[in-house]
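> From the sequence below, what's the structure:
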Amino acid sequence: MELPKYHETFIPILEILNSVESLKSRELASKVRDVYYSDLPRNLINQKTTSGANILMDRILWGKSYLKMAKFVSYPKRGMVQITEKGKKRLETGSLPLHDLQNDQDFINHRESVKSKKENEIELDSVNVENASPQDLIDSGFSSIETEVKTNLLERLKEIDPYYFEKVILILLKRMGYGDFVETSKSGDGGIDGIINEDKLGLEKIYTQAKRYNENKVREKDIRNFIGAMSGDTSKGVFITTSTFDDSAIKKAREAHHSIILIDGAKLVDLMHQYNVGIQVKTVYEIKELDNDFFEED
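Prediction:
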């Protein structure tokens with residue numbers, strides 16, 4: 001007997017969710033474990049990773065994450081999981097192989113929503129397990145987790161209150177080392193959402209504009225209005241969006257007399273990931289190697 005792979009938990013997860021309105025993630029994982037895998041030997045059920053996480057629970061939670069990517073389940077509110085109509089229809093077939101999920105259009109769209117990988121990063125699906133070194137497998141797994149976190153982070157940013165999104169941007173810029181920030185009033189701000197002190201004394205100011213868009217691109221008009229709203233005490237601005245900028249907007253920012261930095265959704269989550277804004281460290285692994293110098297004789 002062996003522990004189920006994460007994709008083997010798809011149907012059990014959907015079955016449990018189909019019987020309730022919604023469940024907390026940890027409660028869902030516990031129910032799946034107790035209902036479907038209680039006959040496994042205790043040493044398997046209690047098996048842990050080197051970092052101390054329960055392997056079975058971790059795989060169930062990964063199964064839930066993949067189902068969310070393909071919209072078989074949804075997160076109706078923080079910490080809760082709910083089966084969707086799409087999930088109910090799939091459950092009627094009684095099976096959901098990994099291959100089917102990976103070829104689902106919603107899953108494909110999800111995986112493509114964050115395209116911020118470096119050229120030398122290794123995709124998890126492209127690694128040949130038989131020929132890969134242990135380091136290759138670590139790198140590919142790390143890359144896959146990072147991409148998933150960034151994708152979920154971008155989705156969450158698109159869902160939050162627009163005013164709170166503006167505050168998130170100011171928190172990020174402060175975490176990046178800029179000075180104190182001032183939030184502008186929520187009405188009549190003329191397109192300025194915040195003012196950042198570039199230095200600790202506030203001698204240089206940076207104006208910010210944050211647009212929380214789902215699909216709409218930022219247009220040239222938006223950049224023009226932002227530039228027009230900037231007062232004479234600064235020539236620097238940062239325009240941030242959860243979507244992207246169209247070509248005319250990029251051209252307008254590039255040709256402006258002001259220094260305008262554009263940050264799209266992919267770059268935004270890269271920065272939030274780098275400076276730990278909206279995320280937290282889950283596990284730290286320590287990898288050791290032989291110290292050859294220790295065995296060198298003088």
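> Quick check: which element contains Thr208?
strand 205-211 (DSSP states H and E).
> CA atoms only: put that strand into CSV for me.
Taking C-alpha atoms only, strand 205-211 is exported to CSV below (Å, rounded to 0.1, in the frame of the first residue of the first chain):
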residue,chain,number,x,y,z
LYS,A,205,8.2,62.7,-3.8
ILE,A,206,6.8,59.9,-6.0
TYR,A,207,3.1,59.9,-7.0
THR,A,208,1.3,56.6,-7.4
GLN,A,209,-1.7,55.5,-9.3
ALA,A,210,-3.1,51.9,-8.8
LYS,A,211,-5.7,50.4,-11.1
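> Where in the chain is the helix or strand with the lowest mean pLDDT?
strand 181-183 (a mean of 71; mean pLDDT, DSSP states H and E).
> Run through the stretch 1-150 of the chain and note the low-pLDDT ranges.
113-131 (pLDDT under 70).
> mind running it again at 80?
In the predicted model of the stretch 1-150 of the chain, residues 50-51, 77-79, 111-141, 144 satisfy pLDDT under 80.
> Would you state the helices of it in chain order?
Under the criterion DSSP state H, counting those that start in this stretch, the stretch 1-150 of the chain contains helices at 10-18, 25-36, 42-45, 55-69, 85-91, 98-102, 105-112, 134-159.
> the inter-axis angle of the last one versus helix 55-69?
Relative orientation of helix 134-159 versus helix 55-69 (axes from the mean of the first three to the mean of the last three CA atoms, to 10 degrees): 50 degrees.
> Helix 134-159: how far from the chain's middle?
7 Å (CA atoms, centre = their mean, to the nearest Å).
> likewise the first one?
The chain centre lies 24 Å from the centre of helix 10-18; the measure is CA atoms, centre = their mean.
> What residues of it count as buried?
For helix 10-18, a neighbour-count test (16 or more other CB atoms under 10 Å) marks Phe10, Ile11, Pro12, Ile13, Leu14, Glu15, Ile16, Leu17 as buried. Every residue, glycine included, has its C-beta placed from N, CA and C.
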